[in-house]
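Novice: coords please:
(one chain, ligands or ions: 2)
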Amino acid sequence: MRTPIVELKAVGKHFRGADGSARAVLEGVDFTLHEGEIVALLGQSGSGKSTMLRIMAGLIPADAGQVLYRGMPLYGTARGIRMVFQSFALFPWLTVQKNVELGLEAQGMPAEQRARRAEKMIDLIGLSGFEGALPRELSGGMRQRVGIARALVMEPEVLLMDEAFSALDVLTGERLREEILELWQSGQIPTKAILVVSHNIEEAVMMADRVLIFASDPGRVRAELPIALPQPRKAESSEVRLLIDQVYELMTAGAGRRGLISEKEVKLQLGDRLPQAGIAHMEGILELLAEEPFSGRADLPQLAEETEMTDAELLEVLNGLILLGFAYLTKGDMLLTELGSRYAAASNMERQELFGRQLLEHVPLIAYICHGLEQDKSGDLPEDLFLKLLRFTLSAEEAEKALRVAIEWGRYGDLFEYNFNTGVIQMSREDEQDEEDAL
Ligand SMILES: Nc1ncnc2c1ncn2[C@@H]1O[C@H](COP(=O)(O)OP(=O)(O)OP(=O)(O)O)[C@@H](O)[C@H]1O
Ligand SMILES: [Mg+2]
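Specialist: Ligands and ions are numbered 1, 2, ... in the order given. Take a look at the predicted model:
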């Protein structure tokens, strides 16, 4: 029998938007973390992964359902549960040693004892010699080691890692991940269970005993894949590659209306979030897909490797291409549509025109902006107008992101112009010229 350590039962969480309306970020989240396991949590940006971790760490309360720690309701932070954040969150004016000691000090541990414990942990995590250094004197990888040491020095039973490796360069991240795994497997740390949030599918498959896939809007556990491979695993092995493939498939299959990625055509509403897909990336992927060896069809892991983008970035770009009708997904493979092939072969002028046309058809926010510009006599409208509109359905950050993308896309599709100094969206000047010519 596996012993549960932390249990989430039908957990829900709402946040209030600027207009006062509540938005469900998590709904009906059921999840149990057992002794002896590492679980990886994957999901789109904004799906509520960090929120779930913060609830498990007792940093914020759930507002529906139950959180149990060792069978008892969790109130506030628990000594046995520690979280490592993506941003290093170190105190800049404290030395490495003092940063690591902080939690022990808060517990009231005598100075000498905590110094010994901290030194031992600093040594274990590979930072000996840097006890007296200040955070700014360290590289990113070393700073994250301090963040991890600070959590581990508390000897937590449960370690929650929120994208703890993603701010690091690839090699540093991999090395640190391997070292944590070694500490865990050799029993040098008393940690009994680890939950890692990751944007990196390979990282999840390399580390975890099972991978959970989170759905968006509202966030909940949508799928689960056990990874029954012994450690240490080889990233290049066919077993690992196959599992990575399966995770991609799970992540892209039927993610729901607002999850965007889907095998079917996507229909957006005016207030939906937009994929964070830059033009250069979208065109790059389209061209890549059109060429050998893909010739119109690509396996997603292979595509990820070829582009050197993170999985999260790649999925956003694919979302963009699917939304605009340039590509579609089947069984974890990305295929060009006929329009997509035409686009890849087109001249710059033709591309702009095609792009603009697809925007008007598939992105209600952009169609709405264009409609507004046509209605308005002056032909220019402040962006705030559209931000306010988006704030009815999106958080401030997401509204801002959606508008940025809409503006980048619309400018490229020659639908309107944008004044970066004044934040005003203007009718495309060529259109004005046409109108003057017509007079
Ligand atoms: N304190 C808060 N107040 C209002 N909204 C919030 C708050 N914290 C998070 N949100 C919103 O909840 C949603 C989920 O956020 P969360 O950070 O949990 O997502 P995530 O899955 O961790 O995303 P990412 O992969 O980008 O880290 C987002 O839409 C976010 O804007
Ligand atoms: Mg997060």
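Novice: Give me every residue in the stretch 51-200 of the chain lying close to ligand 1.
Specialist: Thr51 (C-beta under 6 Å from any ligand atom). No exception for glycine: its C-beta is placed from N, CA and C like everyone else's.
Novice: Pick out the residue of the stretch 51-200 of the chain closest to ligand 1.
Specialist: Thr51 (3.3 Å; C-beta to the nearest ligand atom).
Novice: Can you tell me the element that residue falls in?
Specialist: Using DSSP states H and E, the element containing Thr51 is helix 49-56.
Novice: pLDDT of that helix, averaged?
Specialist: For helix 49-56, mean pLDDT is 94.
Novice: Now do the next helix-or-strand element following that helix: everything it contacts.
Specialist: Toward the C-terminus, helix 49-56 is succeeded by strand 64-69 as the next helix or strand (DSSP H and E). The set of residues external to strand 64-69 that reach it, using C-beta atoms under 8 Å, 6 or more residues apart in numbering, is 4-13, 27-29, 55-56, 58, 73-74, 78, 80-81.
Novice: What about these, which are in helices?
Specialist: 55-56 (DSSP state H).
Novice: Selecting buried members of the contacts of strand 64-69 in PyMOL, what would you type?
Specialist: Only the buried entries of the contacts of strand 64-69 go into this PyMOL selection, using 16 or more other C-beta atoms under 10 Å:
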select buried, resi 5+6+7+8+11+12+13+27+28+29+55+56+58+74+78+80+81
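Novice: Filter the contacts of strand 64-69 down to the ones in strands?
Specialist: 4-13, 27-29, 73, 81 (DSSP state E).
Novice: tell me which of these is nearest to ligand 1?
Specialist: Using C-beta to the nearest ligand atom, those come closest to ligand 1 at Lys13, 8.1 Å.
Novice: Grab the nearest non-local neighbour of the closest one.
Specialist: Excluding the flanking residues, the one nearest Lys13 by C-beta to C-beta, 6 or more residues apart in numbering is Leu26, at 4.3 Å.
Novice: Quick check: that neighbour vs Met109, distance?
Specialist: Distance, Leu26 to Met109, by C-beta to C-beta, to the nearest Å: 35 Å.
Novice: Between the two, tell me which one has more neighbours.
Specialist: Neighbour tally, Leu26 and Met109, criterion other C-beta atoms under 10 Å: the higher count belongs to Leu26, 25 against 16.
Novice: so where's the stretch 301-439 of the chain shaky on pLDDT?
Specialist: Under the criterion pLDDT under 70, the flagged ranges of the stretch 301-439 of the chain are 430-439.
Novice: hang on, the earlier thing: would you check that the residue of the stretch 51-200 of the chain closest to ligand 1 makes contact with Ile60?
Specialist: Yes: using C-beta atoms under 8 Å, Thr51 makes contact with Ile60 at a distance of 7.4 Å.
Novice: Overlap of the contact sets of these two?
Specialist: With C-beta under 8 Å, 6+ apart, Thr51 and Ile60 have common neighbours Lys13.
Novice: if I pick Trp409, what's in contact with it?
Specialist: Per C-beta under 8 Å, 6+ apart, neighbours of Trp409: 279, 355, 359, 363, 366.
Novice: For Tyr343, grab phi and psi.
Specialist: Torsion angles at Tyr343 (phi, psi; degrees, to the nearest 10) stand at phi -60, psi -50.
Novice: Let me know how buried it is, in neighbour terms.
Specialist: 25.
Novice: distance of it from ligand 1?
Specialist: 29 Å (C-beta to the nearest ligand atom, to the nearest Å).
Novice: From here on, call the first residue 25.
Specialist: Okay, residue one is now 25; in that scheme the one you just asked about reads as Tyr367.
Novice: ok, that residue touching Arg375?
Specialist: Yes: the criterion here is C-beta under 8 Å, and Tyr367 meets it with Arg375 at 6.0 Å.
Novice: Show me whatever sits in contact with both of these two.
Specialist: By C-beta under 8 Å, 6+ apart, no residue touches both Tyr367 and Arg375.
Novice: what would the contacts of Trp433 look like in a markdown table with neighbour count, secondary structure and distance to ligand 1?
Specialist: Supplementary listing: those in a markdown table, determined by neighbours: other C-beta atoms under 10 Å; DSSP: H, G, I helix; E, B strand; the rest coil; distance: C-beta to the nearest ligand atom, whole Å:
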| residue | neighbour count | secondary structure | distance to ligand 1 |
| --- | --- | --- | --- |
| Ile303 | 16 | helix | 22 |
| Phe379 | 23 | helix | 27 |
| Leu383 | 23 | helix | 24 |
| Val387 | 25 | coil | 20 |
| Ile390 | 24 | helix | 22 |
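Novice: Closest to Glu329 out of those?
Specialist: Checking these against Glu329 with C-beta to C-beta, the nearest one is Ile303 at 22.4 Å.
Novice: For the closest one, give me its contacts.
Specialist: Taking C-beta under 8 Å, 6+ apart, we find Ile303 in contact with 432-433, 436.
Novice: And it, how far from Leu184?
Specialist: Ile303 is 37 Å from Leu184, by C-beta to C-beta.
Novice: what's the neighbour count on the closest residue to ligand 1 within the stretch 275-424 of the chain?
Specialist: Of all residues in the stretch 275-424 of the chain, the one sitting closest to ligand 1 is Ser419 (3.6 Å; C-beta to the nearest ligand atom). Ser419 has 18 neighbouring residues, counting by other C-beta under 10 Å.
Novice: for the closest residue to it other than its chain neighbours, what are its contacts?
Specialist: In space, and not counting its chain neighbours, Ser419 is closest to Gly41: 6.6 Å by C-beta to C-beta, 6+ apart. Contacts here follow C-beta under 8 Å, 6+ apart; on that basis Gly41 touches 47, 415-419.
Novice: of the residues you listed, closest to Asn224?
Specialist: Ser419 (24.4 Å).
Novice: Now do the domain split for the protein, please.
Specialist: The record's domain parsing of the chain by automatic domain parsing lists 28-276, 382-462.
Novice: weakest of these in terms of mean pLDDT?
Specialist: domain 382-462 - the lowest mean pLDDT of the domains of the chain, at a mean of 85.
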